[in-house]
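Chemist: Here is a sequence with its predicted model. Questions after.
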Amino acid sequence: MNRAALLIALLASCSAHAADARRPADVLIRGGLVYTGAEADPKIVDVVLVGDKVAYVGDDAASRFNPAHTIDAQGKIVAPGFIDPHTHPDSYIRSKDPAQRRNAPWLMQGVTTIGIGVDGGGSFEVAKQRAWFEGRGVGTNLAAYVGFDPVRESVLGQQARAPNAQELTRMRQRVAQAMCEGAFGFSTGLFYAPQSFARTDEVVALAHEAGTRGGIYDTHQRDESSYGIGLLDSTREAIDIGRQAGLPVHIAHLKALGVDVHGRARDLVSIIEAARASGVNVTADQYPFVASSSSLQASLLPGWSVEGGRAALVNRLHDPATLPRIKTEMAENLRRRGGADSLLFNSTGRPWSGKTLAAMATTWRVEPVDAALRVIGDGNNDEAGSVTSFNMDPEDVKLLMRQPWVVTGSDGSDGHPRQYATFPEKYAKYVEHDKVLTTAEFIRRSTGLTADILSLDRRGYLRPGYFADVVVLDPAAYRPKADYLHPAVLSVGVIDLWINGELAVDAGKPTDGLFGRVLSHVPTAGTCQ
């Protein structure tokens, strides 16, 4: 062999050796504009997935890796999978149907992890709940809270009284055990009975159990409006609970609800900013809609009327001595909500479905309060009619959204478009159209910042060694399709979505896999036996 031929052979051998030296990989996502979830400018770089982890984020990945699949993401956004800290997905994730448990409403928004057990509803049997999901499979990752409602009901039922020392000890033990089984914090819904019957000191005692074990205090605060102590004092109470119990405070679906508090978002921000400056870690989530959703019962009935549960309520509604008082207070609650035209029934299969309370009052030829009582008294409707309530000032929504400690959270529940469309609605309206946020701010507050608030282990960022929860979306096509009259329509624009390295959305359509995991918070060392 002459010298030239030998040189060619050596070069070929070196090239083959270099090719063989490339690491095997499952997926190479190349050419996309990559947002890592951190506070950094996006860059056009490659992302490599190996197994359930991100292996590489950088330039020229093809020279380092030999991928089984290559995704051309040119013109697309590549980001960590979105994290929704506050959801009500039970009709999906607890369904007997595996197709429902894929949790498509969230997948098609680009969401890979959701917070459950919110508003105080989370089970205190966290290990048992984990086993249920792991045995059946679920489409998205789950991060669970221990909830105040089942803890209190298991000891006090529906009683409107403070616990005695022994009862409080039993409740504290339930919270502590749930934290030791992996709950991420203690969740309350102090607006809702029987949680609303609790005094601040009771909540502090239970929140302390979560704080001792490294958890957070997540709250649907006692009053988002002017029902009782008022929005501002309620926010001060939430902050004070965190301060006394020694743990971070996260305020769910932050808002100024109702005509009495429109324009008070600036005061709300000032209170939270002052608390943060004093050393209390206060954050919040928010959905990008001017309408909330709740039951008609919670929206209009006075809290005292539901003490003792459904049977006690029905007795009061049939008592001539109490009914006038109930109706008077309901009329005031209806006023603060903006009137009968502002309440749109979103429950399905009922005569009032898709109609306003005002429309039903006209149909039945009664006053709106009497129409509401007719719905509440329907024995086949345990939730007493679910309503979409148009009660927020758009300028308040924008002001709260701009705050750097506010992240995206859907509060997604059946009958409201936020369940199917929160993240694309926020992007389309408040990023692209209204310019309230930049794309970088939107992604940061839907990924890394949320992961930091919840203390999620290796989630929320595109970094080597982090779990491969990744979304590729088309910014020109990422749009909501659901609206208030058609709330259950899947969003569009998510091209591909990986959860734990598995393809959950492929070319814009959900796959059949159930790739989610039940995540666990690791308690502070030495706090669990």
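Modeler: Yep, that arrived. Numbering: from 1, shown residues only.
Chemist: Let me know the pLDDT of the residue nearest to the spatial centre of the chain.
Modeler: Nearest residue to the geometric centre of the chain (C-alpha atoms, centre = their mean): His86, 2.0 Å. The pLDDT attached to His86 in the predicted structure is 98.
Chemist: Now it: closest residue in space that isn't a chain neighbour?
Modeler: In space, His86 comes closest to Gly409 once its chain neighbours are excluded; the distance is 4.0 Å by C-beta to C-beta, 6 or more residues apart in numbering. For glycine as for every other residue, the C-beta is placed from the backbone atoms N, C-alpha and C.
Chemist: surely Gly122 meets Tyr145?
Modeler: Yes - with the criterion set as C-beta atoms under 8 Å, Gly122 and Tyr145 qualify as a contacting pair; they are 4.2 Å apart.
Chemist: quick one: common contacting residues for those two?
Modeler: By the contact definition C-beta atoms under 8 Å, 6 or more residues apart in numbering, Gly122 and Tyr145 are jointly contacted by Ile116, Ala183, Ser187.
Chemist: can you list the residues you listed in TSV and add pLDDT, neighbour count and secondary structure?
Modeler: Listed next are the shared contacts of Gly122 and Tyr145 as TSV, based on pLDDT from 0 to 100; neighbours: other C-beta atoms under 10 Å; DSSP: H, G, I helix; E, B strand; the rest coil:
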residue	pLDDT	neighbour count	secondary structure
Ile116	98	27	strand
Ala183	98	30	coil
Ser187	98	33	strand
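Chemist: now the residue nearest to the centre of the chain: how far from Cys180?
Modeler: Using C-beta to C-beta, to the nearest Å, we find His86 at a distance of 23 Å from Cys180.
Chemist: show me what contacts the residue nearest to His86?
Modeler: Asp84, Pro85, His86, Thr87, Gly115, Ala252, His253, Asp285, Gln286, Tyr287, Thr422, Thr450.
Chemist: and the residues you listed as JSON lines, adding secondary structure?
Modeler: Formatted as JSON lines, the contacts of Gly409 follow (DSSP: H, G, I helix; E, B strand; the rest coil):
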{"residue": "Asp84", "secondary structure": "strand"}
{"residue": "Pro85", "secondary structure": "coil"}
{"residue": "His86", "secondary structure": "coil"}
{"residue": "Thr87", "secondary structure": "strand"}
{"residue": "Gly115", "secondary structure": "strand"}
{"residue": "Ala252", "secondary structure": "coil"}
{"residue": "His253", "secondary structure": "coil"}
{"residue": "Asp285", "secondary structure": "strand"}
{"residue": "Gln286", "secondary structure": "strand"}
{"residue": "Tyr287", "secondary structure": "coil"}
{"residue": "Thr422", "secondary structure": "helix"}
{"residue": "Thr450", "secondary structure": "helix"}
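Chemist: from those, which single one is nearest Asp46?
Modeler: Comparing these against Asp46 with C-beta to C-beta places Thr450 closest, at 25.0 Å.
Chemist: In contact with Val290, which residues?
Modeler: Going by C-beta under 8 Å, 6+ apart, Val290 touches Phe390, Asn391, Met392, Asp393, Pro394, Val397.
Chemist: swap in Gln286?
Modeler: The neighbours of Gln286, taking C-beta under 8 Å, 6+ apart as the test, are His253, Leu254, Lys255, Val397, Leu400, Met401, Val406, Val407, Thr408, Gly409.
Chemist: Can I get those in a markdown table including secondary structure, distance to Ala62 and pLDDT?
Modeler: Compiled in a markdown table, the contacts of Gln286 are given as follows (DSSP: H, G, I helix; E, B strand; the rest coil; distance: C-beta to C-beta, whole Å; pLDDT from 0 to 100):
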| residue | secondary structure | distance to Ala62 | pLDDT |
| --- | --- | --- | --- |
| His253 | coil | 44 | 98 |
| Leu254 | coil | 45 | 98 |
| Lys255 | coil | 48 | 98 |
| Val397 | helix | 44 | 98 |
| Leu400 | helix | 44 | 98 |
| Met401 | helix | 40 | 98 |
| Val406 | strand | 39 | 98 |
| Val407 | strand | 35 | 98 |
| Thr408 | strand | 34 | 98 |
| Gly409 | coil | 38 | 98 |
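Chemist: Wasn't Arg170 part of a helix?
Modeler: Yes - residue assignment for Arg170, taken from three-state DSSP, places it within a helix.
Chemist: mind listing what the closest residue in space to it that isn't next to it in sequence touches?
Modeler: Closest residue in space to Arg170, ignoring its immediate chain neighbours: Val155 at 5.2 Å, by C-beta to C-beta, 6+ apart. With contacts defined as C-beta under 8 Å, 6+ apart, the neighbours of Val155 are Pro163, Glu167, Arg170, Met171, Arg174.
Chemist: Select only the buried ones of the residues you listed in PyMOL?
Modeler: Selection of the buried residues among the contacts of Val155 in PyMOL, burial being defined by 16 or more other C-beta atoms under 10 Å:
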select buried, resi 163+171+174
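Chemist: Gln158: how many residues sit nearby?
Modeler: For Gln158, the tally of surrounding residues (other C-beta atoms under 10 Å) stands at 17.
Chemist: helix, strand or coil for it?
Modeler: Following three-state DSSP, Gln158 is assigned to coil.
Chemist: Okay, and the beta partners of Pro24?
Modeler: Beta-bridge partners of Pro24, counted by DSSP bridges, are Asn66.
Chemist: count of residues packed around it?
Modeler: Taking other C-beta under 10 Å as the neighbour definition, Pro24 ends up with a count of 9.
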